[in-house]
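Enquirer: task: produce atomic coordinates for the following.
(4 chains)
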Protein chains: 2
Amino acid sequence: MMARLNMRELALKLGVDRATISRALSSDKAHLVAPATRERIRQEAFAAGYRPDLTAAALRRGRSNTIGILVSDLGNETFIEVIRTIFRYLDKRPGEASLTPLIAETLDQPDATRRLIDTFLSRRVDAIISLASTEADTPILQQAAREVPVVLAIRSIAGAVFPSSLCDDRAGGAMVATHFAERGHKVVCQVQGPPLSATFKNRALGFSEVCAARSIVEMPQRIFAENATSAAGKRALDAMLGMSPRPTAVFAHNDALALGVIEAMRHRGLRYPEDLAIVGFNNTHLSRVLAVPLSTVDYPVEDVSRHAGELVRNLIDNPSYRFESRLFVPSLIVRASS
Amino acid sequence: MMARLNMRELALKLGVDRATISRALSSDKAHLVAPATRERIRQEAFAAGYRPDLTAAALRRGRSNTIGILVSDLGNETFIEVIRTIFRYLDKRPGEASLTPLIAETLDQPDATRRLIDTFLSRRVDAIISLASTEADTPILQQAAREVPVVLAIRSIAGAVFPSSLCDDRAGGAMVATHFAERGHKVVCQVQGPPLSATFKNRALGFSEVCAARSIVEMPQRIFAENATSAAGKRALDAMLGMSPRPTAVFAHNDALALGVIEAMRHRGLRYPEDLAIVGFNNTHLSRVLAVPLSTVDYPVEDVSRHAGELVRNLIDNPSYRFESRLFVPSLIVRASS
DNA sequence: AACATCTTGTCAATCGATTGCAAAAAGTGT
DNA sequence: ACACTTTTTGCAATCGATTGACAAGATGTT
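Expert: Okay, here's the model as predicted:
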């Protein structure tokens, strides 16, 4: 491997001091060096292929321009979209060095959060965004929050007050129930994602509240999917068909679960919405592609991401920033499936 | 934010030198410190919540224990699975510090690769794995390869010799064509992903070669999807139906495209495989969930990932390692759709 | 011409961990 | 007790960029 050119060598070559180079290449201190010199240095540095060592810069500055992101499942389209959007937003800081994401996946395994947060802190991330928090993570996150800003997105934690940017899942669940009520359904059912995550708990809660208020019968035992995937959705339909009275509409806690239910129906020759109306959650690409498009709840990706980005940015610039956590309202998208 | 405990302070507190602490906590030099002292230091360090600063360590060592990963689309299940598997493999190095992935997405945009590789190099990654290479990236990758090992996975680049771990996409395409031939299809079609990526080019090539050899008519103009998504697949079906003679079987270059085609068929009341047989590629979860499960080509995720991991590991340990690029054969999975 | 002010650049300390070298301590053999 | 090897620990330089303090030079003011 080739030896790299460092600032000292470049300085020697250009006949100026390292300090001048550092300032010329920086964005905040560039005004301290004469325009002519600055340009010359920038050009020569580029021509020589000089690349500043960010590990050295991070050490000296105490800031790594790095943000740790914790996500439960990289296979989830919505999470990915939120991550993308947050960084698209954060990179729009004119003149500022760009922030590199450190992405880590917990798969909701008990010890993963602790281990990954540890890595983040050792790598001196400037902030941590968790899209993967569960109740069990509270102590770890609180401890981390003493060293760097910790922002919660998508998933909340009951009790603990972290700056957060969330979707009002309860309202989302309620919308679906209301929609079912308006369509005249009397017996309905939920296919619930793992209750480990507050997301699913709240969707269930909002749905049940409305059902209770409008005296819609919800199947006594809700169906829990061990993970929020289409395979689990498929199994859910079997459970549902055995029940009596049989539900005429089902709320799947996300679109993947809904797809599973739909395919299981197709397999049995059942049709939706005729035999069973169905609504999903997240408004993924999938929901639009289906021959009978899926009604679903549109996740406010843009809002949640932007606010999470703002929180992070402000908290990095000023750790005692008086943040405001926010809850964004999703919107029901009615398509042919319900 | 709380000030962090550094090694100097910890040393003071324990009444030993920083050097001793460094050695006690390391894995490779731990034998240089007396067992009793080592244990005491480890316990005290843990109790005091000491966390070594990896930016400092990286600077001094010239190794960051970080690997840059370039991926074209984080929404692609197969890519994610490969990334997961590579790191599961790399973390199995007993006694070695764990490697942190720096994941970046190019979305196949022209300038993204250059910019992201630059960031990687500035952050002093120990190696780069690209799952996103296109022909246009050759010069940038070659330049990067002079500073750190660069390994290609999934997507190859014609001409340039980088250590690589690939799927034999050509063989995959050929398998599908052979399968069609055996089922007696005379007129077939491909829905091809963007030819920017060698992956799709090779799938097309392998398929076409077999068609030619067995005198199967391939529709003169192949259908190109501008991106390999289900929406594009949906549009593809329209194009296909206008053709004459009409194909009786279609090879979609990945499962997402196949899903699009399937849903478009369902929309028009066509049935598969009766009206049109279909085979996808990648063996994603989706293909198994469908009511009529999708025939598909199983991507050798495990093999490709493991070999990519081995390449990286060996090249990091020894930059002049005589690597061997490999091509893994996928396997056709015949289900009800063809 | 004397003095204040502003610009531009240099010097040198600093961030925190790692490691070659050498000193101190402990162990071994006679 | 002595010479010796081996083990354990400490000292201090080092990685590369950043930045406060300061000096030299340029410009302006009266």
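
Enquirer: let's verify residue A:165: helix, strand, or coil?
Expert: strand (DSSP: H, G, I helix; E, B strand; the rest coil).

Enquirer: surely it touches residue A:304?
Expert: Yes. Between residue A:165 and residue A:304 there is a contact under C-beta atoms under 8 Å: 5.0 Å. Quick note: C-beta positions are derived from backbone N, CA and C, even for glycine.

Enquirer: which one of these two has more residues nearby?
Expert: residue A:165 (30 against 26; other C-beta atoms under 10 Å in any protein chain shown).

Enquirer: which residues do residue A:165 and residue A:304 both contact?
Expert: A:153-154, A:328 (C-beta atoms under 8 Å, 6 or more residues apart in numbering or on different chains).

Enquirer: just send these back as a markdown table, with pLDDT and secondary structure too.
Expert: Shown next, in a markdown table, are the shared contacts of residue A:165 and residue A:304 (pLDDT from 0 to 100; DSSP: H, G, I helix; E, B strand; the rest coil):
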| residue | pLDDT | secondary structure |
| --- | --- | --- |
| A:153 | 97 | strand |
| A:154 | 97 | coil |
| A:328 | 98 | strand |
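
Enquirer: and which of the residues you listed is nearest residue B:199?
Expert: If you rank those by distance to residue B:199 using C-beta to C-beta, residue A:154 comes first, at 31.9 Å.

Enquirer: quick one: that closest one and residue A:131 touch, right?
Expert: Yes. Using C-beta under 8 Å, residue A:154 makes contact with residue A:131 at a distance of 4.6 Å.

Enquirer: which one's more surrounded, these two?
Expert: Ranked by neighbour count (other C-beta under 10 Å), residue A:154 and residue A:131 place residue A:154 first, with 28 against 25.

Enquirer: next one: that one from chain B, what distance?
Expert: 16 Å (C-beta to the nearest C-beta, to the nearest Å).

Enquirer: for that residue, give me phi and psi.
Expert: Per-residue torsions, residue A:154: phi 70, psi -60 (degrees, to the nearest 10).

Enquirer: residue A:70 now?
Expert: According to degrees, to the nearest 10, residue A:70 has phi -110, psi 130.

Enquirer: neighbours around it, how many?
Expert: Count around residue A:70 with other C-beta under 10 Å applied: 26.

Enquirer: repeat that for the one 4 residues further on.
Expert: Per other C-beta under 10 Å, the neighbour tally for residue A:74 reads 21.

Enquirer: pLDDT wise, what is it at?
Expert: Per-residue pLDDT puts residue A:74 at 95.

Enquirer: need the contact list for it.
Expert: A:80, A:103, A:105, B:74, B:80, B:83-84 are the contacts of residue A:74 under C-beta under 8 Å, 6+ apart.

Enquirer: tell me the SS of it?
Expert: coil.

Enquirer: kindly provide the distance from it to residue A:264.
Expert: 26 Å (C-beta to C-beta, to the nearest Å).

Enquirer: and for residue A:70?
Expert: 33 Å.

Enquirer: what does residue A:69 give?
Expert: 34 Å.

Enquirer: what's the answer for residue A:138, then?
Expert: On the measure of C-beta to C-beta, residue A:138 and residue A:264 end up 37 Å apart.

Enquirer: neighbour-wise, which of these two wins?
Expert: Taking other C-beta under 10 Å, residue A:138 and residue A:264 do not tie; residue A:264 has more neighbours (21 against 15).
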